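[1] The sequence and its predicted three-dimensional model are supplied below.
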Amino acid sequence: MKATYIKEIAKIEANNPVLIEGLPGLGLVGKIAIRYLIKQLKAQKFAYLYSPHFPYFVLVNKKGNVRLLRGAFYYVKNTAGPNDLIFFTGDSQSQTIEGQYEIADCMIDFSKKHKVKTIVTIGGYRMEAKDKPKVIVAGTNQEILNQALNAGSTVSPSGSPIVGTAGLILGLARFQKINALCLLGETRGYLPDPLASRSVLEVLKNMFSFNLDLAGLDEDIVKADKMVTRLQKIEETRVLQAEETRKEEDKKTTYIS
């Protein structure tokens with residue numbers, strides 16, 4: 001394999017589709033959101049994306065079979081709104097700068113082939129949310145930005161970089177005359193964050209008028225909160241132990257003097 005390519009395994013006939021992308025990143029916000037959409041809306045897989053820029057190992061399943069790392073496209077007809085939905089997620093982001101550009105370009109070309117006029121990317125925004133995580137938004141034009149702001153998001157601070165596929169798609173989409181938007185859920189970033197994903201999904205629901213029950217994330221949110229509490233207690237214990245060790249060392253130094 002010398003270049004990124006997409007293999008279609010089924011044909012679709014989409015009506016004015018929107019592509020929504022979410023790859024692994026901060027807090028796995030994008031991947032959690034897309035996997036939840038695929039499961040709840042019963043989206044059907046119709047294409048794979050392979051690239052030599054993914055990490056150089058294979059995944060092994062329970063039966064011992066192996067496969068390359070890849071991305072996958074899913075399709076669902078949206079009976080509640082004017083836009084059918086195409087979802088994209090995958091095992092990994094590209095491990096090279098060149099690969100980031102190549103994969104983003106490949107996805108945009110594939111979007112044009114399926115007459116996609118709007119692309120939404122999802123990621124995480126490193127921030128300790130005090131209550132409900134906010135959704136930070138950046139876009140290629142004011143019209144699509146206003147749509148996201150009216151759906152409950154907050155405009156991105158000036159100068160904030162959007163790293164990886166989520167950002168590059170926005171930059172490259174402008175050259176192809178495709179509207180593009182990035183939704184970033186506030187997250188601590190070091191653990192899977194279904195609460196941040198839920199905030200992003202609420203904005204998407206409002207923007208594109210599709211039916212989605214978010215209650216299925218509640219259990220995962222509780223588990224994530226428990227994990228954070230557990231890690232905080234471990235860190236507090238570590239700090240106390242470090243302080244006790246320092247005091248003991250100070251005593252030894254004073255005695256020797």
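    On my side now, so go ahead.
[2] all strands for the stretch 151-257 of the chain, in order.
    154-155, 179-187 (DSSP state E, counting those that start in this stretch).
[3] Tell me which other helices or strands the last one touches.
    The helices and strands touching strand 179-187, judged by 3 or more Cβ pairs under 8 Å, 6 or more residues apart in numbering; DSSP states H and E, are helix 29-41, strand 118-126, strand 135-139, helix 142-150, helix 165-173, helix 194-208. Yep, even glycine has a C-beta here, placed from its N, CA and C like the rest.
[4] now what about the fourth one, what contacts it?
    Under the criterion Cβ atoms under 8 Å, 6 or more residues apart in numbering, residues 118, 137-139, 155, 179-181, 183, 203, 206-207 lie in contact with helix 142-150.
[5] Nearest residue to the middle of the protein?
    Nearest to the mean C-alpha position of the chain, counting by Cα atoms, centre = their mean, stands residue 30 at 1.6 Å.
[6] pretty sure that one is touching residue 37, no?
    No. With contact defined as Cβ atoms under 8 Å, residue 30 and residue 37 do not form a contacting pair (10.8 Å).
[7] wait, what's in contact with the residue nearest to the centre of the chain?
    Counting by Cβ under 8 Å, 6+ apart, residue 30 touches 21-24, 89, 121-124, 166, 197, 200.
[8] do that again at 6 Å, thanks
    Applying Cβ atoms under 6 Å, 6 or more residues apart in numbering, we find residue 30 in contact with 22-23, 122-123.
[9] Could you dump these into JSON lines and include neighbour count and distance to residue 236?
    Formatted as JSON lines, the contacts of residue 30 follow (neighbours: other Cβ atoms under 10 Å; distance: Cβ to Cβ, whole Å):
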{"residue": "22", "neighbour count": "29", "distance to residue 236": "33"}
{"residue": "23", "neighbour count": "23", "distance to residue 236": "34"}
{"residue": "122", "neighbour count": "30", "distance to residue 236": "33"}
{"residue": "123", "neighbour count": "30", "distance to residue 236": "30"}
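[10] got a markdown table for these, with pLDDT and distance to residue 14 too?
    Converted to a markdown table, the contacts of residue 30 look like this (pLDDT from 0 to 100; distance: Cβ to Cβ, whole Å):
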| residue | pLDDT | distance to residue 14 |
| --- | --- | --- |
| 22 | 97 | 19 |
| 23 | 96 | 21 |
| 122 | 98 | 20 |
| 123 | 96 | 24 |
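[11] which of these lies closest to residue 75?
    residue 22 (15.4 Å; Cβ to Cβ).
[12] Residue 106 contacts residue 4, doesn't it?
    Yes. Look at residue 106 against residue 4 with Cβ atoms under 6 Å: they come within range, at 4.7 Å.
[13] which of those two has more neighbours?
    Remark: of residue 106 and residue 4, residue 4 carries more neighbours, 21 against 18, as counted by other Cβ atoms under 10 Å.
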